[in-house]
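[1] Please work out how this folds:
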Amino acid sequence: MVLTIQWPERFADLKREIVEATPDYERRLTESWNDLLQELNQRTTEITDEGPNYIPQVHFQYLDILVPEQLDDIRRKGSIVIHGVVEESEAACWKTALEDFIKANPHVEGFPERDKQFFFLYWTRAQVQARAHPNVLKASIWLNNLYRTKTDKKMEGVDLDVPLVYADRIRIRHPGVQWDVHPPHVDGGSMERWEDDNFRRCFADILSGNWRQHDPYELEGRLDARASLYGRAGQATVFRTFQGWLAISKTAPTQGTLKVFPDVFLSNAYTILRPFFRPTVPLDSKDILDPENWVFDISTPDFPGIQPRDNGWVGPQPTPKLHPHLRLDDTMTSVPKVNPGDMVFWHCDVVHSVEQEHTGSCDSAVMYIPAVPQTPQNTAYVKKQAETFLAGTNPPDFAKDGTGFPYIGLGVDADVVQPISRIAMGLPVAVA
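    A predicted model of the protein is given here:
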């Protein structure tokens with residue numbers, strides 16, 4: 001079944017507005033598009049040949065001694081497994097504590113409804129302790145510092161060495177259960193990538209025909225980007241340098257783990273340019289990958305991969321049919337095996353999904369913990385989020401709890417002890 005989308009005509013005006021800022025835009029963008037497709041053809045073959053080994057891995061204790069070539073590789077791929085962030089026994093205890101919490105609070109919201117495995121929980125004691133763990137916060141600092149600026153301009157209220165906490169949910173996925181709810185997608189903003197002037201600045205080089213100059217780690221455009229123009233529940237309003245999770249169980253490829261398209265540089269360029277080009281052959285044609293069969297076209301308001309939801313938009317959600325040059329059926333790569341206490345991170349623009357299958361014999365369990373730097377926008381959010389923590393209610397970006405029942409065993413202020421953790425949570429720090 002093909003979903004027919006009623007695109008607002010203003011989106012066609014938006015396309016024209018974007019490209020008309022570039023002189024000789026049709027020629028320049030077409031040449032850039034054709035160059036990009038050739039690069040994708042080569043890189044997607046490399047990704048497919050390597051599989052999970054393509055994803056960078058490093059032990060937590062070695063983060064600060066990586067050489068520039070390793071850092072460039074991590075930036076390019078936009079994904080990393082950091083082993084040994086937390087002691088395995090401590091992370092495994094958090095899983096047990098979460099399971100005990102769920103048993104004590106059977107009314108907790110989650111899905112699937114009859115066998116809940118993805119839980120709308122934010123303030124359990126285990127989650128609060130995990131986010132406050134010094135090593136988790138140090139990993140966040142390291143990731144935040146992968147970003148950079150083109151100028152030495154002082155950015156008021158910005159400090160990449162001050163990590164903040166963004167409360168998110170948990171997953172305890174059972175083996176053998178088919179999982180279709182997280183196909184390939186990009187979070188952290190949908191139509192906003194084109195619609196918001198500040199957000200669009202992050203992709204200015206791509207949109208002006210210079211995709212090879214694009215830097216996914218350029219900081220300035222991210223600071224004032226509005227990632228939630230429509231106020232849709234569940235749409236993050238903060239700037240997360242990397243999304244991430246902490247493993248609280250063993251998980252390996254085919255066992256319900258994360259999959260990524262491991263080249264944020266190329267996926268950004270393709271995703272952002274795709275609405276300005278259309279195929280001249282059917283989408284299921286054997287010749288769909290040939291650059292000769294694509295033409296520049298800004299006459300329509302459609303943005304392939306964007307979907308309407310809750311009076312707003314979700315996505316980008318690239319698909320093998322609408323975004324054929326990404327070769328998603330082959331290039332969506334499962335992250336390597338992890339143990340409890342390992343963390344997986346992916347750049348905020350990375351195309352990612354969750355494996356449909358879980359062939360293992362044990363749960364695939366994670367706490368979602370992204371890397372978040374101190375910025376004026378993020379600091380303002382964390383201040384509001386702290387109020388919900390102290391009240392035991394859902395964070396500002398998420399829908400209110402619909403059960404009407406209180407929870408037993410939530411984390412409290414006293415669970416957050418160290419100064420770095422209290423600052424990250426937006427809580428007052430005692431003065432000696």
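
[2] what bits of the stretch 151-300 of the chain have low per-residue confidence?
    Across the stretch 151-300 of the chain, the ranges flagged by pLDDT under 70 are 152-153.

[3] Swap in 80 and give it another go.
    151-154, 176-181, 233-234 (pLDDT under 80).

[4] ranges for the helices of the stretch 51-200 of the chain?
    Using DSSP state H, counting those that start in this stretch, the helices of the stretch 51-200 of the chain run over 68-77, 88-104, 125-132, 134-144, 192-195, 197-201.

[5] Show the average pLDDT along the second one.
    Helix 88-104 shows a mean pLDDT of 97.

[6] which residues touch D35?
    W211, R212 (C-beta atoms under 8 Å, 6 or more residues apart in numbering). Bear in mind the C-beta positions are built from the backbone N, C-alpha and C, glycine included.

[7] picking up where we left off before, so which of the helices of the stretch 51-200 of the chain comes closest to P316?
    Closest to P316 of these, according to C-beta to C-beta: helix 192-195, at 7.5 Å.

[8] returning to what we had before: now the helices of the stretch 51-200 of the chain as CSV including mean neighbour count and distance to N34?
    Output for those, formatted as CSV (neighbours: other C-beta atoms under 10 Å; distance: least, C-beta to C-beta, whole Å):
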stretch, mean neighbour count, distance to N34
helix 68-77, 14, 22
helix 88-104, 16, 47
helix 125-132, 22, 45
helix 134-144, 21, 34
helix 192-195, 21, 21
helix 197-201, 16, 23
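
[9] Can you lay out the ones you listed as a markdown table showing distance to L223?
    Formatted as a markdown table, these follow (distance: least, C-beta to C-beta, whole Å):
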| stretch | distance to L223 |
| --- | --- |
| helix 68-77 | 19 |
| helix 88-104 | 33 |
| helix 125-132 | 23 |
| helix 134-144 | 12 |
| helix 192-195 | 14 |
| helix 197-201 | 8 |
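
[10] Among those, which comes closest to Q255?
    Per C-beta to C-beta, nearest to Q255 of these: helix 88-104, 15.0 Å.

[11] Start and end of stretch 183-203, how far apart?
    By C-alpha to C-alpha, to the nearest Å, the extent of stretch 183-203 from end to end equals 24 Å.

[12] End to end on stretch 322-337, go ahead and measure it.
    End-to-end for stretch 322-337, by C-alpha to C-alpha: 31 Å.

[13] Could you do stretch 110-126 as well?
    Start-to-end, stretch 110-126 (C-alpha to C-alpha) is 18 Å.

[14] Now it: buried residues?
    Within stretch 110-126, the residues that count as buried by 16 or more other C-beta atoms under 10 Å are G110, K116, Q117, F118, F119, F120, L121, Y122, W123, T124, R125, A126.

[15] you'd agree the third one is up against P175?
    No: Q117 lies out of contact with P175 (C-beta atoms under 8 Å); the separation is 10.6 Å.

[16] ok so, going back, for the buried residues of stretch 110-126, which one is nearest I272?
    Taking those together and measuring to I272 by C-beta to C-beta, the closest member is F118, at 29.5 Å.

[17] Can you check the pLDDT for the closest one?
    92.

[18] Nearest residue to K259 in space, please, no chain neighbours.
    Leaving aside its sequence neighbours, K259 sits nearest to M332 (C-beta to C-beta, 6 or more residues apart in numbering; 4.4 Å).

[19] Identify the residues contacting that neighbour.
    Applying C-beta under 8 Å, 6+ apart, we find M332 in contact with P184, K259, V260, F261, V351, S353.

[20] Tell me the spacing between it and I55.
    Between M332 and I55 the computed distance is 12 Å (C-beta to C-beta, to the nearest Å).

[21] returning to that earlier point: list the ones among the buried residues of stretch 110-126 that fall in strands.
    Taking DSSP state E as the definition of strands, the buried residues of stretch 110-126 contribute G110, F118, F119.

[22] Is the second one bridged to anything, and to what?
    Pointing back at F118 there. F118 has these beta-bridge partners by DSSP bridges: F111, R171.

[23] mind checking which of the helices of the stretch 51-200 of the chain is nearest G315?
    helix 192-195 (9.3 Å).
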